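**Q** Need the 3D shape of this:
(chains A and B)
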Amino acid sequence: MNGTIIQQGRFTSDGTAKTLDIRSDVDWMQVLNYTVADDDTQTTAVGVEYYWQRGMAAGTGIEYRKSNAANAAQLTTALASGGFTLLDTSDQTPGALNSTITAISNAAIPVVTNSGTNGLSAGDVVRIINVTGAQQLGGIDFTVGNNTLSATTFSLDYMAQIVAGTTGSWRKIPFQPQFYPRRRTITAITQATSAVITMSVTHGFTAGQAVRIKVPSAFGMTEMDNLIGNITAVNTTNNTITVDIDSSAFTAFSFPLTAGVPFTLAEVIPVGETANGTFANSLDDATNNVSIIGMELAAGADSPAGTNNDVIYWRAGKSFSVTNE
Amino acid sequence: MTTTTTVLPAPVQQSFSYKLLSVPVPYMIHNIPAMLKNMPRNGGTTLRMRRYNPLQTATVPLGNTGVTPPPQQLTAVNIDAEIDFYGTYIILNEQVTLQNQDPVLNEAAQRLGVSLRQTEDELTRNMLQSTASSINCTGGTNGDNPTEITRSDVDTVIRTLADNNAYTIADNIEGEDRFGTAPVRDAYFALGNTQLIGDLEQVQGFIAKAQYPSQMSTLRPEWGSVSNLRFLLSSIGSVTQNGSNNGNDVYNIFCVGMEAYAVVEQDGYSSQFIYRPPIYDGPLALNASVGYKFAQVPRITNDAWVINLRSTLSV
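**A** Predicted coordinates:
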């Protein structure tokens, strides 16, 4: 196998970073943007081929550009960012500490304001740490939402309204825990004939799964604590599940305030698959190790994953030996 | 003039100590309380287990009307686990085994054996960390969330397991007339990280393993007990890095009752140790390979019988 091309493939870019599962690991990689290669109308140079090999820093690579303008210069360039990054998603090391939070708003969807540039995208997961006035969020992971997102702000779309906080820190959590299905932190539960439960991080549950709801006394709705429900509906926009538990007469769910720290989190615990005829052959709850080793290709006009609808061809290889001096 | 070793040095300056030095190996604690289940050969990718839900009791008299009351429905939950395959290997150039004075292949086999068992252990640990319900320690005074472990936190987790009808794993150790010993209650197991040692010994009611009246039923990685929890500690015990409110590491202590989780293996497959001599390598038969592979998946079988007690450290 050594010294050979071990894997190759093609995908159509959706304009976002692309993760390729290459379990055999990779020593070098070449990516070709077929759409750019086939387009003879470019007047400014744009990336058509990309190359990476072991020893280059994370996020880097070599870019070959194409232009139909006469005498185009600088057609080969080294990418300082926006290139290739090796992945091992079993690595649970959080990202660097960013002590940059200056405020968390008391809007219906809390908005975090940070100094500097956060570098976050919608769907990233961040861990909030030690925010003055909002200690109750400390140590909890949140999926970054679309509601408000800029270099200096990001919103916690799946968090309930809070009393405003001031300074604090955050870390990016690169990868989720290794095994699916995962325990999830609850941020809200409705009082309804079929309770709707919101979770802080994209949950991944499906209809038919049975879940146990843990609600410590600090959250009010103690009648719900330890009940098992079957998921009847999933809303991926709001990151909710609907369960067949009537919570209409339960005490209201309320997330603790900063003074309530320390407390135990309210959680959704995966139990199994309801043994119901509708889901007789569903294996959605199956415990499964979803970690991968592979390569992440950054997206963009001068990055290997390209822009929306670009057709990308790639091949990856192993070398018999790697000598980086 | 005296002839010294400066004038006449030994022709070979070093000798090799053939007894190799010990390699640090962590205690592998996470599969100790696990049930072992087998995935049948040619049985697909996923093992399905089933647990029936309890029925309601019937404490109201039937009366004398002769009318039959309504029946109850029998319901159940299916619990599924999908097998994955794992493995790693070493390629040894024939010159290594030919020229090295030490038994490289033997040592490779030992190191691979440890790697295999540690992989199995870490997979179970990571599954528990991903899935098990959690209780934060809140009785401590370190100002974090969770706090360091205290007796009230131990009591909470024992009460929760008992409320959920979890069976203890270890029998009690009866008291004996021996100086400095104390009886040990029947207990759930608590699987944690060795970093917890200092705080654990400060918990009210802690009994060190050396204080058990009998050592017959203790385990090597056991550190001691508090109330109905016996603590098994390992340097690879679960840690969530920077997981607390203040950004400190959170130590996950998996408190488990009997039959709380299982490790599913592939029947007739797990695990294989594979040696291929150089003759299988290529035209010049340069390299041997030695490796292992196995198939496995860990799965919580009763989520109410395993609790992740999360704690930080006092210092």
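**Q** which residue sits closest to residue 78, ignoring its sequence neighbours?
**A** Just so you know, I chose chain A. Residue nearest to residue A:78 in three dimensions, not counting chain neighbours: residue A:62, with 6.0 Å by Cβ to Cβ, 6 or more residues apart in numbering or on different chains. (Each C-beta comes from the backbone N, C-alpha and C, glycine too.)
**Q** wrong one, I was asking about chain B
**A** Spatially, and ignoring its direct neighbours in sequence, residue B:78 is nearest to residue A:273 (4.4 Å; Cβ to Cβ, 6+ apart).
**Q** chain center to the host helix or strand of that neighbour: distance?
**A** Using DSSP states H and E, residue A:273 sits in strand A:267-274. Relative to its chain's centre, strand A:267-274 lies at 22 Å (Cα atoms, centre = their mean, to the nearest Å).
**Q** and what of stretch B:180-191?
**A** For stretch B:180-191 - counting by Cα atoms, centre = their mean - the centre lies 18 Å from the chain centre.
**Q** Can you list the buried residues in that stretch?
**A** The neighbour-count check on stretch B:180-191 (16 or more other Cβ atoms under 10 Å in any protein chain shown) flags B:181, B:184, B:185, B:187, B:188, B:189, B:190, B:191 as buried.
**Q** again with stretch B:170-183
**A** Residues of stretch B:170-183 classed as buried: B:170, B:173, B:181 (neighbour count, 16+ other Cβ under 10 Å).
**Q** Just these: which are in helices?
**A** When DSSP state H defines the helices, the subset of the buried residues of stretch B:170-183 inside them is empty.
**Q** Can you lay out the residues you listed as TSV showing distance to chain A?
**A** Output for those, formatted as TSV (distance: Cβ to the nearest Cβ, whole Å):
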residue	distance to chain A
B:170	25
B:173	31
B:181	35
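**Q** Return the member of those residues nearest to residue B:238.
**A** Nearest to residue B:238, judged by Cβ to Cβ, of those is residue B:170 at 20.7 Å.
**Q** how many other residues sit next to the closest residue to chain A within the stretch 201-315 of chain B?
**A** Proximity of the stretch 201-315 of chain B to chain A (Cβ to the nearest Cβ) peaks at residue B:245, 2.9 Å away. Residue B:245 has 26 neighbouring residues, counting by other Cβ atoms under 10 Å in any protein chain shown.
**Q** what does residue B:279 give?
**A** Neighbour count of residue B:279, defined by other Cβ under 10 Å: 9.
**Q** Which phi and psi values does it adopt?
**A** The phi and psi values for residue B:279, taken as degrees, to the nearest 10, are phi -60, psi -20.
**Q** That one contacts residue B:285, correct?
**A** Yes - counting by Cβ atoms under 8 Å, residue B:285 is a contact partner of residue B:279 at 4.9 Å.
**Q** Quick check: phi and psi at residue B:84.
**A** Dihedral pair for residue B:84: phi -120, psi 160, per degrees, to the nearest 10.
**Q** from what I can see it touches residue B:297, true?
**A** Yes - proximity of residue B:84 to residue B:297 meets the contact threshold set by Cβ under 8 Å, at 5.9 Å.
**Q** between these two, which one's more packed in?
**A** Of the pair residue B:84 and residue B:297, residue B:297 is the one with more neighbours under other Cβ under 10 Å, namely 27 against 17.
**Q** now that one: how far from residue B:263?
**A** For residue B:297, the distance to residue B:263 (Cβ to Cβ, to the nearest Å) stands at 8 Å.
**Q** which phi and psi does the closest residue to chain B within the stretch 101-250 of chain A have?
**A** In the stretch 101-250 of chain A, no residue comes nearer to chain B than residue A:138, which is 2.9 Å away by Cβ to the nearest Cβ. As for residue A:138, its main-chain torsions (degrees, to the nearest 10) stand at phi -60, psi 130.
**Q** Can you check the pLDDT for it?
**A** At residue A:138, the pLDDT value in this model is 96.
**Q** Same question for residue B:43.
**A** Note on residue B:43: pLDDT of 92.
**Q** burial of the closest residue to it other than its chain neighbours, as a residue count?
**A** Counting by Cβ to Cβ, 6+ apart, residue B:43 lies nearest to residue B:267, which is 7.8 Å off, once chain neighbours are set aside. By other Cβ under 10 Å, 14 other residues sit near residue B:267.
**Q** next one: residue A:59
**A** Using other Cβ under 10 Å, residue A:59 has 16 neighbouring residues.
**Q** So which residues on the stretch 101-250 of chain A come close to chain B?
**A** A:127, A:129-130, A:135, A:138-139, A:169, A:171, A:177-183, A:210, A:212, A:214, A:226, A:228 (Cβ under 8 Å from any Cβ of the partner chain).
**Q** 6 Å instead?
**A** Taking Cβ under 6 Å from any Cβ of the partner chain as the contact definition, the stretch 101-250 of chain A meets chain B at A:129-130, A:135, A:138-139, A:171, A:177-179, A:182-183, A:210, A:212, A:214.
**Q** What about the residues you listed, which one has the most neighbours?
**A** residue A:139 (29 neighbours).
**Q** got the contact list for the top strand by length along chain A?
**A** In chain A, with assignment by DSSP state E, the single longest strand is strand A:76-88. For strand A:76-88, contacts defined as Cβ atoms under 6 Å, 6 or more residues apart in numbering or on different chains pick out A:52, A:58-64, A:293-296, A:298, A:300, A:303.
**Q** ok, now with 8 Å
**A** With Cβ atoms under 8 Å, 6 or more residues apart in numbering or on different chains as the test, strand A:76-88 has contacts from A:19, A:26, A:29, A:50, A:52, A:56, A:58-65, A:291-298, A:300, A:302-304.
**Q** With stretch A:21-34 instead?
**A** The contact list for stretch A:21-34 (Cβ under 8 Å, 6+ apart) reads A:1, A:6-7, A:10, A:47-54, A:84, A:86, A:292-295, A:297, A:304, A:306, A:310-319, A:322.
**Q** Give the buried subset of those as a ChimeraX selection command.
**A** Buried members of the contacts of stretch A:21-34, defined by 16+ other Cβ under 10 Å, are picked up in ChimeraX with:
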select /A:6,7,47,48,49,50,51,52,53,84,86,293,294,295,297,304,306,310,311,312,314,315,316,317,318
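**Q** Please list the residues of the stretch 201-315 of chain B that sit near chain A.
**A** Contacts of the stretch 201-315 of chain B with chain A, taken as Cβ under 8 Å from any Cβ, map to B:240-247, B:250, B:297-300, B:303-304.
**Q** could you measure the most centrally placed residue in chain A against residue A:170, distance?
**A** Geometric centre of chain A, nearest residue: residue A:124, 3.9 Å, by Cα atoms, centre = their mean. Per Cβ to Cβ, residue A:124 is found 11 Å from residue A:170.
**Q** Which stretches in the stretch 201-325 of chain A count as strands?
**A** Assigned by DSSP state E, counting those that start in this stretch, the stretch 201-325 of chain A shows strands spanning A:209-214, A:227-235, A:240-243, A:267-274, A:288-289, A:293-297, A:311-317.
**Q** Now tabulate those strands in CSV and tack on mean pLDDT.
**A** Formatted as CSV, the strands of the stretch 201-325 of chain A follow (pLDDT from 0 to 100):
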stretch, mean pLDDT
strand A:209-214, 97
strand A:227-235, 96
strand A:240-243, 98
strand A:267-274, 95
strand A:288-289, 94
strand A:293-297, 95
strand A:311-317, 96
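**Q** Out of those strands, the one nearest residue A:261 is which?
**A** With Cβ to Cβ as the measure, strand A:267-274 is the member of the strands of the stretch 201-325 of chain A nearest residue A:261 (16.9 Å).
**Q** Count residues in the vicinity of residue 248, would you?
**A** Looking at chain A here, since you left the chain open. Using other Cβ under 10 Å: residue A:248 sits among 11 other residues.
**Q** That was the other one, I meant chain B.
**A** Using other Cβ under 10 Å, residue B:248 has 20 neighbouring residues.
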